[in-house]
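Novice: Okay, sequence plus prediction incoming.
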Amino acid sequence: MSAEIRMTASPPSKTAPWKAYFSIFRIELLQKVQYRIAALAGAATSIFWGIVEITVYTVFYRYADNNAAGIAAGMTLQQLASYIWLGQFMFLIQPHVPGEFTQKITSGDVGLELCRPMRLYRHWFARLAAINLSSLPVRGAMVLLAGIILPGGYRMSLPASPAGFAATLISAVGSLLLCTSYGMFVTSVRMNVSWGNGPMFILLLVPGVLSGTYLPLQLWPDFMQKFLLFQPFAGYADLPIRLYIGSLAPSDAVWAVGLQILWSGFFIFLGNLIMNRQLKNIVVQGG
Amino acid sequence: MKARTSPGNLSLYWQYIRIHARSGVQYKGWWMMLIQVVFVVFSDVISTLLMFDRFGSIGEWSIDRILLIYFTAVTAFGLAEVFCRGFDTFPFGMVRKGGFDRVLLRPRPLALQVAASAFHLHRLSRPLCGLGVIAFLFCKHHVIMDPARILMLVSALLGGFLMYAGVFILTSGISFFTIQAIDWIYIFTNAGYQVTRCPVEYMPKALYRVFTFIIPVLVISYYPMSVICGWGEPMWKGWLPLPVGAGFLLVSWFVWRFGVRHYKSTGS
């Protein structure tokens, strides 16, 4: 038997200083990076996936009836190989709603979280950012290492220019911000217990397809290119990678990063809005 | 001695499955999960479709040919996911949390309890989509489905099912020792059938060998499809999936049994 308690929660009047949220980010990151063996096992999958992708693309570039189509789309096979490895790397920061969150939501422990003198949105935002980032130090590094040491056509090239590399780094930070904002938006939607996981998974699937990690956006149909560049999820991976391989000039980073920040702001606003509405009428399950 | 009221093993399995299914549909959004898996299945091939659209066929290898092979593997994988889901979630759900201790206490076959420990209705979407695509492409290319071909397709899917069930059981067996860190298994499951996107003739030798002789994904997908559609592989290779899948399952079974004997509880 389970009892249901309906409670009305309002955000605490006195919220914690920003330093507290930063500490949470740090603790979560340090904790998650501990799982090194698991990260290595994961890296094997990423590297395998990268090799298969490059193999398939190479077959198209060499043997397809219309094998010049890739170059015509503005991408050499060498650039594509770099794209694949960086795509595998950036894929690791794509958000999901962590099991810890869904468990707290389903079990009602979220009520406990609300007792803390912190805004739930900011608290979980800090944790999610750390979780998104936590795969990079070991698993991500192994993926890039594979790209650097693999022979011949599987090798990742150097960045197009030093300025381009700097632009990539800045844009990668933008990606993390965007991914976390969107992940928190989905978390807010997931707080409605009675709908289960369905809506969440659909919301998480769309960005994956449109981020470029499924298929580099430049190889999508020509008539979609304008749309693909400005939709929010190009900022997940495609924009920073384009800056790296030189499909975008370093000066383009200004609008590319601007776009990432704009979309992040949009999802942060939306996430806060939804979470506040959900918290007003939250159902805590338990018994 | 068995109590008279206790159901047989098979009906126990179905009872488990029924309970999981009924608890699953309690969520308002349960049907969205069905759609979600359909999305996943088709979004996985978006990149292949768009590449063929841009680059055209690769010699004899048209998009339809690749899709037939790919979806044979996907359907087999989907079937294993539907009926052996418990093994798939076993390393996280049972070994790490210590739930396996409880399973050991019950006087029922271990494999049955584990296999039936999870069932998700939405996993049905994957094999159904796969079958749909295969049927569609057969109609499109006027492949005549005589009894021999139907039998070969069924045996291929069954063999593939056994193979993927074997992969899950193998993973579970290994997880007794590693406890976690089994992410590499995706190479043989979700990432594994991605190799079927590459035309077999152009596949690097190493890749071809791994997915033929170690984990026989190509045996259960490419060979039967080649025989059924007449792409030139000899007849006998089309009948390989069932014995090969069964063999793979048997090896996995021994690893699992070995793991069970060396099980040390991790839970509290």
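Specialist: All right, it came through fine.

Novice: What separation is there between A:Gln31 and A:Trp18?
Specialist: According to Cβ to Cβ, to the nearest Å, A:Gln31 and A:Trp18 sit 20 Å apart. No exception for glycine: its C-beta is placed from N, CA and C like everyone else's.

Novice: go on, B:Ala80?
Specialist: The gap separating B:Ala80 from A:Trp18 is 49 Å, by Cβ to Cβ.

Novice: and if you look at A:Ala72?
Specialist: From A:Ala72 to A:Trp18 the distance is 49 Å (Cβ to Cβ).

Novice: Packing partners of the helix or strand encompassing A:Tyr244?
Specialist: Using DSSP states H and E, A:Tyr244 falls within helix A:238-245. When contacts are defined as 3 or more Cβ pairs under 8 Å, 6 or more residues apart in numbering or on different chains; DSSP states H and E, helix A:238-245 sits against helix A:77-91, helix A:162-190, helix A:253-280.

Novice: Buried deepest among those, which one?
Specialist: With neighbours defined as mean count of other Cβ atoms under 10 Å in any protein chain shown, the helices and strands packed on helix A:238-245 peak in mean count at helix A:77-91, which reaches a mean of 23.

Novice: so what's B:Val133 up against?
Specialist: Residues in contact with B:Val133 (Cβ atoms under 8 Å, 6 or more residues apart in numbering or on different chains) are B:67, B:71.

Novice: Tell me the secondary structure of A:Ala160, please.
Specialist: What DSSP: H, G, I helix; E, B strand; the rest coil gives for A:Ala160 is coil.

Novice: Wait, it touches A:Ile241, no?
Specialist: No: A:Ala160 is not in contact with A:Ile241 according to Cβ atoms under 8 Å; the separation is 11.0 Å.

Novice: who's more crowded, these two?
Specialist: Neighbours were counted for A:Ala160 and for A:Ile241 using other Cβ atoms under 10 Å in any protein chain shown; A:Ile241 has more, 30 against 21.

Novice: The stretch 1-150 of chain B: helices as residue ranges?
Specialist: B:9-24, B:30-43, B:46-55, B:63-83, B:85-90, B:100-105, B:110-115, B:125-140, B:147-178 (DSSP state H, counting those that start in this stretch).

Novice: That should have said the stretch 101-250 of chain A, apologies.
Specialist: Listed in chain order, the helices of the stretch 101-250 of chain A (DSSP H, counting those that start in this stretch) span residues A:110-114, A:120-133, A:141-149, A:162-190, A:198-210, A:225-230, A:238-245.

Novice: which non-adjacent residue is nearest B:Cys229?
Specialist: What sits nearest to B:Cys229 in space, not counting adjacent residues and going by Cβ to Cβ, 6 or more residues apart in numbering or on different chains, is B:Val143, at 5.8 Å.

Novice: sorry, that was for A:Leu270
Specialist: Nearest residue to A:Leu270, sequence neighbours excluded (Cβ to Cβ, 6+ apart): A:Phe185, at 5.3 Å.

Novice: so what's the one you found scoring on pLDDT?
Specialist: You'll see A:Phe185 listed with a pLDDT of 95.

Novice: Relative to B:His20, how far out is it?
Specialist: 30 Å.

Novice: coming back round to it: dump the residue contacts of the residue nearest to A:Leu270.
Specialist: So A:Phe185 contacts A:203, A:267-268, A:270-271, A:274 (Cβ under 8 Å, 6+ apart).

Novice: Also A:Asp238?
Specialist: Contacts of A:Asp238 by Cβ under 8 Å, 6+ apart are A:211-212, A:216-217, A:228.

Novice: Quickly find the element holding the closest residue to A:Asn132 other than its chain neighbours.
Specialist: For A:Asn132, ignoring the flanking residues on the chain, the nearest one in space by Cβ to Cβ, 6+ apart is A:Ile93 at 4.6 Å. Assessed by DSSP H and E, A:Ile93 sits outside every helix and strand.

Novice: Can you read off the pLDDT for A:Glu74?
Specialist: To be clear, residue A:74 is Gly; Glu isn't right here. A:Gly74 is assigned a pLDDT of 86 by the prediction.

Novice: would it count as being in a strand?
Specialist: No: counting by three-state DSSP, A:Gly74 falls outside a strand, being coil.

Novice: so it makes contact with A:Gln218?
Specialist: Yes: the pair A:Gly74 and A:Gln218 passes the contact test of Cβ under 8 Å, sitting 5.7 Å apart.

Novice: which parts of the stretch 51-200 of chain A sit against chain B?
Specialist: Residues of the stretch 51-200 of chain A lying near chain B by Cβ under 8 Å from any Cβ of the partner chain: A:51-52, A:55-57, A:59-60, A:62-67, A:69-70, A:73, A:194-199.

Novice: Which among those residues count as buried?
Specialist: Buried members of these, scored by 16 or more other Cβ atoms under 10 Å in any protein chain shown, are A:51-52, A:55-57, A:59-60, A:63-64, A:69-70, A:73, A:195-199.

Novice: Can you pull out the low-pLDDT segments for chain B?
Specialist: Scanning chain B for pLDDT under 70 picks out B:1-6, B:92-93, B:96, B:179-182, B:266-268.

Novice: near chain A, which residues of it?
Specialist: Within chain B, the positions adjacent to chain A are B:27-33, B:35-36, B:39-40, B:43, B:46-47, B:50-51, B:53-59, B:180-184, B:186-187, B:191, B:194-195, B:197-199, B:202-204, B:207 by Cβ under 8 Å from any Cβ.
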